[in-house]
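Undergrad: quick one, structure for this:
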Amino acid sequence: MNTNNELRRSYQRWRILDHLLSKDLPAKRYLSQRDKIIQMFLSKKENEVTENKVQEVDRIVNISEKDLKQNYLDKGVPVVMEGRAKNWKCVKQWSLEWLSENFSKDEVAIFDPLNSENDSIDYSVEKTTLKDVIASIKLGDSKKYSRFNRILYDHPELIDDFDWKWLYKMRNNISSGKTFQVFIGGKGSQTSLHCATENNLFTQVYGQKHWYLYPPNNDIFLNPPITKSPYFYSKFNPEKPDFNKFPTARFLTTFECVLRPGDILFNPPLWWHQVKNLNHSIGVGFRWFNPLNSIKASLVGTLMTLLSTNPPIWTATKHRTDFARIFKYMNTKSNLNH
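TA: A predicted model of the protein is given here:
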């Protein structure tokens, strides 16, 4: 029996028990058990080389749909398709100036749930306009980052700026959801380390974006807090790693890539990722849920998602195109619990 794998499984068992049975958030009823397993894991690894390894995400050009599905989507392996979207209208036309000129009055919700100093999530939402967001970006304000922007739902004609027929074909018959999520941010803006159960084909429309990625079986290294949410996060920062707080993270293999305009990244289910805009950036994720892909990636992560209560999975699914509404729900529940 592989001791390391058994410790990983034990860690996951205590993690899901905390998710199901604890009352407070973040859940800590079984935190001591998880910490104990981490120490056991470290003792088994003490004689191993602890250098944090870096591996580039595969980059491909002109791959067939069949090979893309067989070699990457079905296997849950990330890949960058260089220039796959270079001729899409969104890549040729969209820019901060173009968005501001044509959609300046659009209401925008600003939130950064993972940027808190403690283990709790910040559910607060600021309402502003796209014009103000873009003006702030141009002034160097990296906090005015429009995540999960609804522009493609407020202006559905813009979906034709994408090859949506090709995107839809990447799903299979048992998939759920066809969700577009737009991200508009300035140089230096970022989203901290997190993961979710959905597949994601992420198109870099404008600017450049750097990604750190980790496979789903790295939960024990990243020690994510238990929040009963279908959205998982870790306080580990691969850009500035703190190996005192996250001693097992020394054994991680970090996957990295940089997306340029026209590139598309396949980000598989439950792969941890941290993303930073290297300059002013517009990116668009296309997400869908496939239960088989998710279970293959992580049974525990899939079960924790389906059994989440903050919010329940049916609430998250119902409002998957409106994260501001989801966060309003979570903020209300958080206030009631205090």
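Undergrad: could you use CA atoms for every contact and neighbour count after this?
TA: Fine.
Undergrad: what about the protein, any weak spots by pLDDT?
TA: Scanning the chain for pLDDT under 70 picks out the ranges 1-2, 49-51, 113-122, 329-338.
Undergrad: and the helices in the stretch 151-300 of the chain?
TA: Counting by DSSP state H, counting those that start in this stretch, the segments of the stretch 151-300 of the chain that form helices are 151-154, 164-169, 219-222, 291-297, 299-306.
Undergrad: please apply the same query to the stretch 1-150 of the chain.
TA: For the stretch 1-150 of the chain, applying DSSP H, counting those that start in this stretch gives helices covering 3-21, 31-45, 65-68, 89-93, 96-103, 130-138.
Undergrad: show me what contacts His210?
TA: Under the criterion of C-alpha atoms under 8 Å, 6 or more residues apart in numbering, the contact list for His210 reads 256-259, 275-278.
Undergrad: circling back: okay, the helices of the stretch 1-150 of the chain in a markdown table with distance to Phe236 and mean neighbour count next?
TA: Below are those laid out as a markdown table (distance: least, C-alpha to C-alpha, whole Å; neighbours: other C-alpha atoms under 10 Å):
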| stretch | distance to Phe236 | mean neighbour count |
| --- | --- | --- |
| helix 3-21 | 17 | 17 |
| helix 31-45 | 15 | 16 |
| helix 65-68 | 31 | 13 |
| helix 89-93 | 33 | 18 |
| helix 96-103 | 31 | 15 |
| helix 130-138 | 26 | 20 |
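Undergrad: nearest to Ile151, out of these?
TA: helix 96-103 (8.5 Å; C-alpha to C-alpha).
Undergrad: contacts for that closest one?
TA: Helix 96-103 is contacted from outside by 130-131, 134, 282, using C-alpha under 8 Å, 6+ apart.
Undergrad: ok, 6 Å please
TA: Lys131 (C-alpha atoms under 6 Å, 6 or more residues apart in numbering).
Undergrad: now it: how far from the chain's centre is it?
TA: 26 Å (C-alpha atoms, centre = their mean, to the nearest Å).
Undergrad: so Gly76 sits against Phe266, correct?
TA: No: with contact defined as C-alpha atoms under 6 Å, Gly76 does not count as touching Phe266 (8.8 Å).
Undergrad: got the contacts of His210 as JSON lines, with distance to Lys86 and neighbour count columns?
TA: Formatted as JSON lines, those follow (distance: C-alpha to C-alpha, whole Å; neighbours: other C-alpha atoms under 10 Å):
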{"residue": "Glu256", "distance to Lys86": "21", "neighbour count": "18"}
{"residue": "Cys257", "distance to Lys86": "18", "neighbour count": "20"}
{"residue": "Val258", "distance to Lys86": "15", "neighbour count": "19"}
{"residue": "Leu259", "distance to Lys86": "12", "neighbour count": "25"}
{"residue": "Val275", "distance to Lys86": "21", "neighbour count": "20"}
{"residue": "Lys276", "distance to Lys86": "21", "neighbour count": "21"}
{"residue": "Asn277", "distance to Lys86": "19", "neighbour count": "24"}
{"residue": "Leu278", "distance to Lys86": "19", "neighbour count": "19"}
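Undergrad: if I look at the residue nearest to the spatial centre of the chain, how far off is Ser136?
TA: By C-alpha atoms, centre = their mean, the chain has its centre lying nearest to Cys195, at 4.4 Å. As judged by C-alpha to C-alpha, to the nearest Å, Cys195 and Ser136 stand 28 Å apart.
Undergrad: now do Lys86
TA: The spacing between Lys86 and Ser136, counted by C-alpha to C-alpha, is 28 Å.
Undergrad: for Lys45, same thing?
TA: For Lys45, the distance to Ser136 - C-alpha to C-alpha - is 47 Å.
Undergrad: likewise Asn290?
TA: Here the criterion is C-alpha to C-alpha. By it, Asn290 lies 38 Å from Ser136.
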